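Colleague: Provided below for reference: sequence and predicted model.
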Amino acid sequence: MARKPLLMGNWKMNKTVAEAREFAEQLGQQSQSLCNDADYAVCAPFTSLHILRVMLPANVKLGAQNVHFEEHGAYTGEISASMLKEFETVYVLAGHSERRQLFGETDEIIAKKVKAILSQQMTPVLCVGEVLDQRDAGKTLDVVRNQLNKGLAELTEAEIGRCVVAYEPVWAIGTGRTATSEQAEEVIAELRAALRQKVGATADDIRILYGGSVKPANVAELCSQPNIDGGLVGGASLQADSFAQMAAEICKGV
Ligand code: PEP
(Lines give C-alpha, C1' and ligand atoms only; values in the text may rest on other atoms or scores of the structure.)
Protein backbone atom coordinates (compact mmCIF):
# COMPACT_ATOMS: atom_id res chain seq x y z
CA MET A 1 0.00 0.00 0.00
CA ALA A 2 1.37 3.42 -0.91
CA ARG A 3 2.00 5.57 2.13
CA LYS A 4 0.43 9.03 2.04
CA PRO A 5 2.97 11.74 2.88
CA LEU A 6 2.44 13.68 6.08
CA LEU A 7 3.60 17.24 6.65
CA MET A 8 3.53 17.98 10.37
CA GLY A 9 4.46 21.25 12.04
CA ASN A 10 5.81 21.37 15.57
CA TRP A 11 5.38 24.86 16.95
CA LYS A 12 7.14 24.06 20.24
CA MET A 13 6.52 26.88 22.79
CA ASN A 14 5.56 29.47 20.19
CA LYS A 15 2.44 31.46 19.32
CA THR A 16 -0.26 33.04 21.39
CA VAL A 17 -3.88 32.30 20.56
CA ALA A 18 -4.02 35.50 18.49
CA GLU A 19 -0.95 34.42 16.54
CA ALA A 20 -2.34 30.93 16.02
CA ARG A 21 -5.55 32.44 14.65
CA GLU A 22 -3.55 34.58 12.23
CA PHE A 23 -1.62 31.51 11.03
CA ALA A 24 -4.85 29.59 10.46
CA GLU A 25 -6.41 32.47 8.54
CA GLN A 26 -3.33 32.86 6.36
CA LEU A 27 -3.08 29.13 5.70
CA GLY A 28 -6.77 29.08 4.80
CA GLN A 29 -6.03 31.68 2.12
CA GLN A 30 -3.42 29.33 0.62
CA SER A 31 -5.39 26.12 0.90
CA GLN A 32 -4.95 25.50 -2.85
CA SER A 33 -1.37 24.46 -1.96
CA LEU A 34 -2.64 21.63 0.26
CA CYS A 35 -3.39 18.82 -2.19
CA ASN A 36 -5.49 15.82 -1.19
CA ASP A 37 -2.65 13.40 -1.82
CA ALA A 38 -0.90 14.38 1.40
CA ASP A 39 -1.92 14.76 5.04
CA TYR A 40 -1.20 17.83 7.15
CA ALA A 41 -1.06 18.62 10.83
CA VAL A 42 0.09 21.27 13.26
CA CYS A 43 1.31 20.28 16.72
CA ALA A 44 0.48 23.37 18.73
CA PRO A 45 0.70 24.43 22.36
CA PHE A 46 -2.35 23.24 24.33
CA THR A 47 -3.60 26.82 24.62
CA SER A 48 -4.02 27.13 20.83
CA LEU A 49 -5.78 23.82 20.17
CA HIS A 50 -9.27 25.27 20.39
CA ILE A 51 -8.75 28.19 18.01
CA LEU A 52 -6.95 25.95 15.55
CA ARG A 53 -9.72 23.39 15.62
CA VAL A 54 -12.15 26.14 14.70
CA MET A 55 -9.99 28.01 12.21
CA LEU A 56 -7.64 25.63 10.39
CA PRO A 57 -8.57 24.36 6.92
CA ALA A 58 -10.43 21.06 7.38
CA ASN A 59 -7.61 18.97 5.94
CA VAL A 60 -5.05 20.29 8.44
CA LYS A 61 -5.38 18.12 11.53
CA LEU A 62 -4.58 19.01 15.11
CA GLY A 63 -1.57 17.68 16.90
CA ALA A 64 -0.34 18.08 20.49
CA GLN A 65 3.26 18.11 21.64
CA ASN A 66 2.94 16.23 24.89
CA VAL A 67 0.58 14.26 27.10
CA HIS A 68 0.65 12.59 30.51
CA PHE A 69 0.29 8.83 30.50
CA GLU A 70 -2.19 8.65 33.39
CA GLU A 71 -5.86 9.19 32.67
CA HIS A 72 -6.48 11.60 35.58
CA GLY A 73 -5.29 12.33 39.08
CA ALA A 74 -2.91 14.41 41.15
CA TYR A 75 -0.47 15.42 38.39
CA THR A 76 -0.39 19.20 38.67
CA GLY A 77 0.19 20.92 35.36
CA GLU A 78 -0.34 17.85 33.21
CA ILE A 79 -2.84 17.08 30.43
CA SER A 80 -4.33 13.63 29.75
CA ALA A 81 -5.03 11.89 26.47
CA SER A 82 -8.80 12.14 26.92
CA MET A 83 -8.46 15.91 27.39
CA LEU A 84 -6.62 16.15 24.09
CA LYS A 85 -9.16 13.94 22.38
CA GLU A 86 -11.90 16.41 23.34
CA PHE A 87 -10.25 18.97 21.07
CA GLU A 88 -10.33 16.52 18.16
CA THR A 89 -6.58 16.13 18.41
CA VAL A 90 -5.43 13.52 15.93
CA TYR A 91 -1.67 13.28 16.52
CA VAL A 92 0.43 13.54 19.67
CA LEU A 93 4.23 13.71 19.74
CA ALA A 94 6.01 11.34 22.09
CA GLY A 95 9.70 11.32 22.82
CA HIS A 96 10.71 14.54 21.09
CA SER A 97 14.39 15.09 21.84
CA GLU A 98 13.60 18.31 23.71
CA ARG A 99 11.35 16.33 26.05
CA ARG A 100 14.03 13.69 26.47
CA GLN A 101 16.86 16.16 27.05
CA LEU A 102 15.24 19.08 28.85
CA PHE A 103 12.51 17.27 30.80
CA GLY A 104 14.19 13.97 31.54
CA GLU A 105 11.73 11.74 29.69
CA THR A 106 12.98 8.17 29.61
CA ASP A 107 12.12 5.50 27.07
CA GLU A 108 9.88 3.90 29.69
CA ILE A 109 7.87 7.11 30.21
CA ILE A 110 7.64 7.58 26.45
CA ALA A 111 6.34 4.02 25.99
CA LYS A 112 3.56 4.71 28.51
CA LYS A 113 2.67 7.93 26.69
CA VAL A 114 2.47 6.11 23.36
CA LYS A 115 0.09 3.59 24.92
CA ALA A 116 -2.06 6.34 26.47
CA ILE A 117 -2.32 8.18 23.14
CA LEU A 118 -3.50 5.02 21.39
CA SER A 119 -6.00 4.33 24.15
CA GLN A 120 -7.86 7.46 23.04
CA GLN A 121 -7.76 6.53 19.35
CA MET A 122 -5.18 9.19 18.57
CA THR A 123 -1.96 8.62 16.63
CA PRO A 124 1.34 8.73 18.49
CA VAL A 125 4.30 10.22 16.63
CA LEU A 126 7.24 8.48 18.26
CA CYS A 127 10.38 10.59 17.82
CA VAL A 128 13.81 8.98 17.80
CA GLY A 129 17.24 10.33 16.96
CA GLU A 130 20.89 10.34 17.89
CA VAL A 131 23.03 13.16 19.28
CA LEU A 132 26.16 14.20 17.39
CA ASP A 133 28.57 12.24 19.61
CA GLN A 134 26.61 9.08 18.97
CA ARG A 135 26.69 9.66 15.20
CA ASP A 136 30.41 10.38 15.29
CA ALA A 137 30.95 7.17 17.27
CA GLY A 138 29.06 5.15 14.61
CA LYS A 139 26.22 4.35 17.01
CA THR A 140 23.32 5.98 15.17
CA LEU A 141 21.53 2.83 14.07
CA ASP A 142 21.87 1.18 17.48
CA VAL A 143 20.57 4.28 19.22
CA VAL A 144 17.49 4.73 17.06
CA ARG A 145 16.64 0.99 17.01
CA ASN A 146 16.84 0.95 20.79
CA GLN A 147 14.62 4.04 21.14
CA LEU A 148 12.14 2.52 18.68
CA ASN A 149 12.01 -0.85 20.43
CA LYS A 150 11.60 0.69 23.87
CA GLY A 151 9.07 3.30 22.73
CA LEU A 152 6.86 0.59 21.21
CA ALA A 153 7.48 -1.93 23.99
CA GLU A 154 3.97 -1.83 25.47
CA LEU A 155 2.08 -2.24 22.20
CA THR A 156 0.43 -5.08 20.35
CA GLU A 157 1.29 -5.56 16.68
CA ALA A 158 -2.00 -3.93 15.68
CA GLU A 159 -1.21 -0.92 17.86
CA ILE A 160 2.26 -0.56 16.34
CA GLY A 161 0.57 -0.39 12.96
CA ARG A 162 -1.35 2.70 14.11
CA CYS A 163 1.78 4.70 14.99
CA VAL A 164 3.82 7.26 13.08
CA VAL A 165 7.59 7.33 13.66
CA ALA A 166 9.77 10.42 13.23
CA TYR A 167 13.53 10.20 12.79
CA GLU A 168 15.00 13.44 14.08
CA PRO A 169 18.78 13.56 14.43
CA VAL A 170 19.27 15.83 17.43
CA TRP A 171 22.18 17.64 15.76
CA ALA A 172 19.86 18.72 12.95
CA ILE A 173 17.01 20.11 15.08
CA GLY A 174 16.84 23.89 15.04
CA THR A 175 20.44 24.12 13.84
CA GLY A 176 19.93 24.76 10.13
CA ARG A 177 22.08 21.67 9.56
CA THR A 178 19.85 19.20 7.75
CA ALA A 179 20.82 15.56 7.38
CA THR A 180 21.49 14.75 3.75
CA SER A 181 18.71 12.82 2.11
CA GLU A 182 21.07 9.81 1.96
CA GLN A 183 21.79 10.01 5.70
CA ALA A 184 18.09 10.33 6.51
CA GLU A 185 17.10 7.52 4.13
CA GLU A 186 19.74 5.17 5.55
CA VAL A 187 18.41 5.53 9.09
CA ILE A 188 14.76 5.51 8.12
CA ALA A 189 15.20 2.38 6.00
CA GLU A 190 16.79 0.75 9.05
CA LEU A 191 13.86 1.82 11.21
CA ARG A 192 11.48 0.28 8.71
CA ALA A 193 13.50 -2.94 8.76
CA ALA A 194 13.24 -2.96 12.56
CA LEU A 195 9.48 -2.44 12.30
CA ARG A 196 9.27 -5.30 9.79
CA GLN A 197 10.82 -7.59 12.38
CA LYS A 198 8.02 -6.66 14.76
CA VAL A 199 4.97 -6.48 12.54
CA GLY A 200 5.92 -8.00 9.20
CA ALA A 201 4.41 -6.45 6.09
CA THR A 202 2.46 -3.91 8.16
CA ALA A 203 5.76 -2.06 8.44
CA ASP A 204 5.29 -1.00 4.84
CA ASP A 205 2.16 0.92 5.85
CA ILE A 206 3.72 2.79 8.79
CA ARG A 207 4.70 6.36 8.03
CA ILE A 208 8.20 7.39 9.02
CA LEU A 209 8.94 11.12 8.89
CA TYR A 210 12.24 12.96 8.84
CA GLY A 211 12.71 16.00 11.07
CA GLY A 212 15.63 18.39 11.48
CA SER A 213 15.82 21.77 9.73
CA VAL A 214 13.29 20.82 7.04
CA LYS A 215 12.29 23.83 4.96
CA PRO A 216 10.69 24.57 1.57
CA ALA A 217 14.06 24.27 -0.18
CA ASN A 218 14.84 20.74 0.99
CA VAL A 219 11.52 19.05 1.72
CA ALA A 220 11.00 17.67 -1.80
CA GLU A 221 14.44 16.09 -1.98
CA LEU A 222 14.02 14.48 1.45
CA CYS A 223 10.54 13.19 0.67
CA SER A 224 11.65 11.77 -2.67
CA GLN A 225 13.57 9.06 -0.79
CA PRO A 226 11.78 5.71 -0.88
CA ASN A 227 11.33 5.35 2.88
CA ILE A 228 10.76 8.98 3.90
CA ASP A 229 7.05 9.70 4.20
CA GLY A 230 7.04 13.37 5.10
CA GLY A 231 8.48 15.88 7.50
CA LEU A 232 8.21 16.90 11.14
CA VAL A 233 9.04 20.57 10.93
CA GLY A 234 9.80 23.08 13.67
CA GLY A 235 10.98 26.54 12.62
CA ALA A 236 9.72 26.44 9.04
CA SER A 237 6.21 25.51 10.16
CA LEU A 238 5.68 28.74 12.07
CA GLN A 239 4.82 30.84 9.01
CA ALA A 240 1.75 29.93 6.99
CA ASP A 241 3.61 30.87 3.80
CA SER A 242 6.40 28.42 4.36
CA PHE A 243 4.01 25.70 5.57
CA ALA A 244 2.05 26.14 2.33
CA GLN A 245 5.25 26.13 0.26
CA MET A 246 6.37 22.86 1.86
CA ALA A 247 2.93 21.39 1.17
CA ALA A 248 3.17 22.47 -2.47
CA GLU A 249 6.62 20.90 -2.78
CA ILE A 250 5.41 17.60 -1.33
CA CYS A 251 2.35 17.67 -3.60
CA LYS A 252 4.56 18.00 -6.70
CA GLY A 253 6.13 14.66 -5.81
CA VAL A 254 2.95 12.60 -5.26
C1 PEP B 1 11.36 19.78 15.54
O2 PEP B 1 10.92 20.65 16.27
O3 PEP B 1 10.98 18.63 15.68
C4 PEP B 1 12.29 20.18 14.48
C5 PEP B 1 12.71 19.26 13.65
O6 PEP B 1 12.67 21.49 14.45
P7 PEP B 1 13.40 22.25 13.21
O8 PEP B 1 12.60 21.93 11.98
O9 PEP B 1 13.33 23.69 13.58
O10 PEP B 1 14.79 21.72 13.12
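Modeller: Structure's in. What do you need? Everything numeric here is computed off the predicted structure, so don't read it as measured data.

Colleague: only C-alpha atoms for contact and neighbour calcs from this point on.
Modeller: OK.

Colleague: going along the chain, name the strands of the stretch 1-150 of the chain.
Modeller: 6-10, 39-44, 60-64, 89-94, 123-128 (DSSP state E, counting those that start in this stretch).

Colleague: before we move on, what about the stretch 151-254 of the chain?
Modeller: Ranges of strands in the stretch 151-254 of the chain, per DSSP E, counting those that start in this stretch, are 164-167, 208-211, 230-233.

Colleague: those: which one's closest to V199?
Modeller: Distance to V199, taken as Cα to Cα, is lowest for strand 164-167 among the strands of the stretch 151-254 of the chain, at 13.8 Å.

Colleague: what packs against the closest one?
Modeller: When contacts are defined as 3 or more Cα pairs under 8 Å, 6 or more residues apart in numbering; DSSP states H and E, strand 164-167 sits against strand 123-128, helix 181-199, strand 208-211.

Colleague: so is it next to the ligand?
Modeller: No - no part of strand 164-167 sits near the ligand under the criterion Cα under 6 Å from any ligand atom; the closest distance found is 8.7 Å.

Colleague: could you list the buried residues of stretch 112-119?
Modeller: Of the residues in stretch 112-119, K112, K113, V114, K115, A116, I117, L118 count as buried by neighbour count, 16 or more other Cα atoms under 10 Å.

Colleague: which ones among the residues you listed lie within helices?
Modeller: K112, K113, V114, K115, A116, I117, L118 (DSSP state H).

Colleague: ok, so of those, who is nearest L52?
Modeller: The closest of these, once distances to L52 are taken by Cα to Cα, is I117, at 19.9 Å.

Colleague: and this structure, which residues reach the ligand?
Modeller: Taking Cα under 6 Å from any ligand atom as the criterion, the chain approaches the ligand at residues N10, A172, I173, G174, G211, G212, S213, V214, L232, V233, G234, G235.

Colleague: switch the cut-off to 8 Å
Modeller: Counting by Cα under 8 Å from any ligand atom, the chain comes close to the ligand at 9-12, 96-97, 168, 172-176, 178, 210-215, 232-237.

Colleague: which of those count as buried?
Modeller: Among those, those classed as buried by 16+ other Cα under 10 Å are 9-11, 96-97, 168, 172-174, 178, 210-215, 232-237.

Colleague: roughly how far does F46 sit from L27?
Modeller: Distance of F46 to L27, given as Cα to Cα, to the nearest Å: 20 Å.

Colleague: between the two, which one's more packed in?
Modeller: L27 (23 against 17; other Cα atoms under 10 Å).

Colleague: now do the more buried one against V144, distance only.
Modeller: Taking Cα to Cα, one finds L27 at 34 Å from V144.

Colleague: tell me where this structure has helices.
Modeller: Using DSSP H, helices in the chain cover 17-29, 49-55, 81-86, 97-103, 107-119, 132-136, 140-151, 157-160, 181-199, 219-223, 240-252.

Colleague: for the third one, packing partners?
Modeller: Packing contacts for helix 81-86, counted by 3+ Cα pairs under 8 Å, 6+ apart, involve helix 107-119.
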